[in-house]
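**Student:** Generate coordinates for the sequence data below:
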Amino acid sequence: MTRNSKMKTRRLKGTSFADTSNNKDLAFDNKYSTIYTSSNSNCYFGLDLGQNYKGSLFKIMFFLNKRVVNPKLFAGATVQVSTDGTNYTTLFNITGEVHSNWNTWKTQTLMTDIYRYVKFSHNSTSGCRIS
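**Tutor:** I've put the predicted structure just below:
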């Protein structure tokens, strides 16, 4: 991640949550060899950044391992944010333009809202298989 004069870049840390609890931490363990996966028809995983989180999101990076799943299967997935963990706003939709390895989303305008929850969601097409 990059740094500019007004924003510090940090790796997000928090308590993981998912539609299935058996491997929810694997999406955030910073290892390419471990993979979060779900067999649920509507899968999701995310981070609760905590009630004291004071940052604003301006860049999100995610890694797709082509040995696990074809990156094109992630088209239609969403990354969403929430202040309460119930009502989510979509930050971006993943298009067919994704590729294996690191993918990056950057906000076009400065986000002034502070969100506590960040969630990736999709369906059984991808199984939410993220390293």
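**Student:** quick one: low-confidence parts of this protein?
**Tutor:** For the chain, the stretches flagged by pLDDT under 70 are 1-10, 67-68, 110, 131.
**Student:** Now do the helices in it.
**Tutor:** Assigned helices in the chain: none (criterion: DSSP state H).
**Student:** Quick check, central residue of it?
**Tutor:** Nearest to the mean C-alpha position of the chain, by C-alpha atoms, centre = their mean, lies Phe120 at 4.5 Å.
**Student:** and that residue, bridged to which residues?
**Tutor:** Beta-bridge pairing for Phe120 (DSSP bridges): Phe45, Val79.
**Student:** thinking it is in contact with Val81, fair?
**Tutor:** No - taking contacts as C-beta atoms under 8 Å, Phe120 lies outside contact range of Val81: 10.9 Å. (Each C-beta comes from the backbone N, C-alpha and C, glycine too.)
**Student:** mind listing the strands for the chain?
**Tutor:** With DSSP state E, the ranges of strands along the chain come out as 15-18, 44-48, 59-64, 78-82, 89-93, 101-106, 117-121.
**Student:** so what's Lys106 closest to, chain neighbours aside?
**Tutor:** Lys59 (5.0 Å; C-beta to C-beta, 6 or more residues apart in numbering).
**Student:** typo on my end, it should be Val98
**Tutor:** Once flanking residues are discounted, Val98 sits nearest to Pro71: 4.8 Å by C-beta to C-beta, 6+ apart.
**Student:** what's Gly76 in contact with, if anything?
**Tutor:** Residues near Gly76 by C-beta atoms under 8 Å, 6 or more residues apart in numbering: 93-94, 122-123, 125.
**Student:** From Lys119, how far out is it?
**Tutor:** Plainly put, Gly76 is 15 Å away from Lys119 if you go by C-beta to C-beta, to the nearest Å.
**Student:** Repeat that for Thr89.
**Tutor:** Distance, Thr89 to Lys119, by C-beta to C-beta: 10 Å.
**Student:** Between those two, tell me which one has more neighbours.
**Tutor:** The neighbour comparison of Thr89 against Lys119 (other C-beta atoms under 10 Å) goes to Lys119, with 21 against 10.
**Student:** wait, doesn't the more buried one sit right on Asn87?
**Tutor:** No - counting by C-beta under 8 Å, Lys119 does not reach Asn87; the two are 11.5 Å apart.
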